[in-house]
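# just need the structure, nothing else, for what follows:
(4 chains)
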Number of protein chains: 2
Amino acid sequence: MIHSDESKPAAVPTIAEKKEQLRKFLRQKGFKSTRQRDIIAGEFLKCSEHVTAEELYKKISNKHKNIGFTTVYRTLKLIAASGLATERVFADNLTRYESLSAEDHHDHLICLNCGSITEFENPKIEKLQERIANEFGFNTVTHKMELYGYCRMCKKDVLRGERFDRR
Amino acid sequence: MIHSDESKPAAVPTIAEKKEQLRKFLRQKGFKSTRQRDIIAGEFLKCSEHVTAEELYKKISNKHKNIGFTTVYRTLKLIAASGLATERVFADNLTRYESLSAEDHHDHLICLNCGSITEFENPKIEKLQERIANEFGFNTVTHKMELYGYCRMCKKDVLRGERFDRR
DNA sequence: AGGAAATTGAAATTCATTTTCAATTATTTT
DNA sequence: AAAATAATTGAAAATGAATTTCAATTTCCT
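Residues are numbered from 1 along each chain as shown, chains lettered A, B, ... in the order given. All right, here's what the predicted structure looks like:
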């Protein structure tokens, strides 16, 4: 990639900037900015790796014993509504939130043994999907694609005959 | 498609044959064949279009008031375990069962307005998925791909500005 | 500061799914 | 064919994640 003095690559927004984006969204929609929302957003944006409300709540309640689960839950919904995150449900049926930078779209590889979630992006698949939808007269809004299997690490365990914990 | 006198296309198993397949599975696993399981399997195989346990239960309880929801629920699990059906969860978070003929694999188009589910199959996508998984050292067991949007019918409603009931 | 309006969080509710358990039914044994 | 053995049934209870309720608290606006 080429860098000139004049032009910079599109800046990846900082956590502070994202928090500002959320505050803007709240103000615009008539919601209030609160201490809790700020803390929750901060923690979410910091450690966000497909967290559930429960997980984030536990993380936060170490430091902030006075923030309730319900507030974490509701704030995650707000963060998703603001466009800073998406809600996703994988095969374990838990609702997870994933921090999102603008229009990136990606799909997921999920390890059936260790549960790790790997992201990938593939424009060819996106195009194919669009074509298929068109064939059926369908207007695609969004899609979901998940590959379930065994990751590099766990594959080895299988070969070694080690035990599988999950399902 | 060409038909000769000698060769026939691979036979699509009848409901009776599928029921026999289930009975075989049950016997082999030490389960029993019961009147209820027979009725439930029959109804499921007849009308199967991504039904939930609840839906199938309602359908059945018209004729058979003495078959409980729990039995329908459990029998669907058995049918899935036997390989005659798969369990699927779409965006509405309900567990649905879909009758399956051997190795057919397909994905889904789901209308966000009317909830209709259309199946499709695309070998190119399957291959692409395999290639992507390999890139990441992943061993794919299964996958899930769902396109959400508006079907041909509902697309028209959108243009006409008619109301959207769902979400 | 004062008042209107939204937020908080503990507790309650919802709703699908799953489990429990006593009564029943299917299968095997004698 | 009856008894013994073992699984199934189904109503009801339990589970567990997601969501709602509501009184007390906090934020925002003037």
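# give the buried residues for the helix or strand residue A:18 falls within.
For residue A:18, the element it lies in under DSSP states H and E is helix A:15-29. Neighbour counts over helix A:15-29 (16 or more other CB atoms under 10 Å in any protein chain shown) mark A:18-19, A:21-23, A:25-26 as buried. All C-beta atoms are positioned from the backbone trio N, CA, C, and that covers glycine.
# same question for stretch A:136-146.
Neighbour-count burial for stretch A:136-146 [16+ other CB under 10 Å]: A:136, A:138-140, A:143-146.
# ignoring the adjacent residues along the chain, who's closest to the residue positioned nearest the centre of chain A?
With the centre of chain A defined as its mean C-alpha position, the nearest residue by CA atoms, centre = their mean is residue A:98, 1.3 Å away. Here the nearest residue to residue A:98 in space, its sequence neighbours aside, is residue A:50; by CB to CB, 6 or more residues apart in numbering or on different chains that works out to 5.1 Å.
# before we move on, back to that, in the buried residues of stretch A:136-146, find the pair that's most separated.
A:139 and A:146 (22.3 Å; CB to CB).
# where do the domain boundaries of chain A fall?
Here the domain parsing of chain A from automatic domain parsing is A:12-102, A:105-167.
# turn those domains into CSV, including distance to residue B:62 and mean pLDDT.
Output for the domains of chain A, formatted as CSV (distance: least, CB to CB, whole Å; pLDDT from 0 to 100):
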stretch, distance to residue B:62, mean pLDDT
domain A:12-102, 30, 92
domain A:105-167, 33, 81
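# just put those domains in a markdown table and tack on distance to residue B:67.
Shown next, in a markdown table, are the domains of chain A (distance: least, CB to CB, whole Å):
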| stretch | distance to residue B:67 |
| --- | --- |
| domain A:12-102 | 27 |
| domain A:105-167 | 29 |
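# so for DNA strand D, which of the ones you listed sits nearest?
The closest of these to DNA strand D is domain A:12-102. By CB to the nearest atom of the strand, the value is 3.1 Å.
# my read is that residue A:67 contacts residue A:61, right?
Yes - assessed by CB atoms under 8 Å, residue A:67 is found in contact with residue A:61 at 6.5 Å.
# for the helix holding residue A:18, name the packing helices and strands.
helix A:35-47, helix A:69-81 (3 or more CB pairs under 8 Å, 6 or more residues apart in numbering or on different chains; DSSP states H and E).
# hmm, who's touching the next helix or strand after the last one?
Meaning helix A:69-81. Per DSSP H and E, the first helix or strand lying C-terminal to helix A:69-81 is strand A:85-89. Contacts with strand A:85-89, where a contact means CB atoms under 8 Å, 6 or more residues apart in numbering or on different chains, come from A:44, A:48, A:50, A:76-77, A:79-80, A:95-100, A:108, A:144, B:89, B:91, B:93.
# tell me what angle strand A:85-89 forms with strand B:85-89.
Strand A:85-89 runs at 160 degrees relative to strand B:85-89, counting by axes from the mean of the first three to the mean of the last three CA atoms, to 10 degrees.
# whichever helix or strand comes after strand A:85-89 close to DNA strand D?
Per DSSP H and E, strand A:85-89 leads on to strand A:95-99 as the next helix or strand towards the C-terminus. Yes - Strand A:95-99 is in contact with DNA strand D by CB under 7 Å from any atom of the strand, via residue A:95.
# and strand A:95-99, which strands flank it?
Looking at strand A:95-99 with DSSP bridges, its partner strands are strand A:51-52 (antiparallel), strand A:85-89 (antiparallel).
# tell me how far the shortest one lies from the chain's centre.
Its chain's C-alpha centre and that of strand A:51-52 lie 9 Å apart, by CA atoms, centre = their mean, to the nearest Å.
# next SSE after it?
With elements assigned by DSSP H and E, the helix or strand that comes after strand A:51-52 is helix A:53-63.
# between residue A:67 and residue A:61, which one's more packed in?
residue A:67 (19 against 14; other CB atoms under 10 Å in any protein chain shown).
# which SS state does that one fall under?
Assigned by DSSP: H, G, I helix; E, B strand; the rest coil, the conformation of residue A:67 is coil.
# how near is it to chain B?
Applying CB to the nearest CB, to the nearest Å, the value for residue A:67 to chain B is 27 Å.
# outside of whichever strand in chain A runs longest, which residues touch it?
The residue-count maximum for a strand in chain A (DSSP state E) belongs to strand A:139-150. Residues outside strand A:139-150 that contact it (CB under 8 Å, 6+ apart): A:88, A:90-91, A:107-113, A:125, A:129-130, A:133, A:158, B:91, B:112, B:129, B:132-133, B:138-151, B:155, B:158.
# residues near whichever residue of chain A sits closest to DNA strand C, how many?
Relative to DNA strand C, the nearest point of chain A is residue A:68 (2.4 Å; CB to the nearest atom of the strand). Applying other CB under 10 Å, we find 13 residues neighbouring residue A:68.
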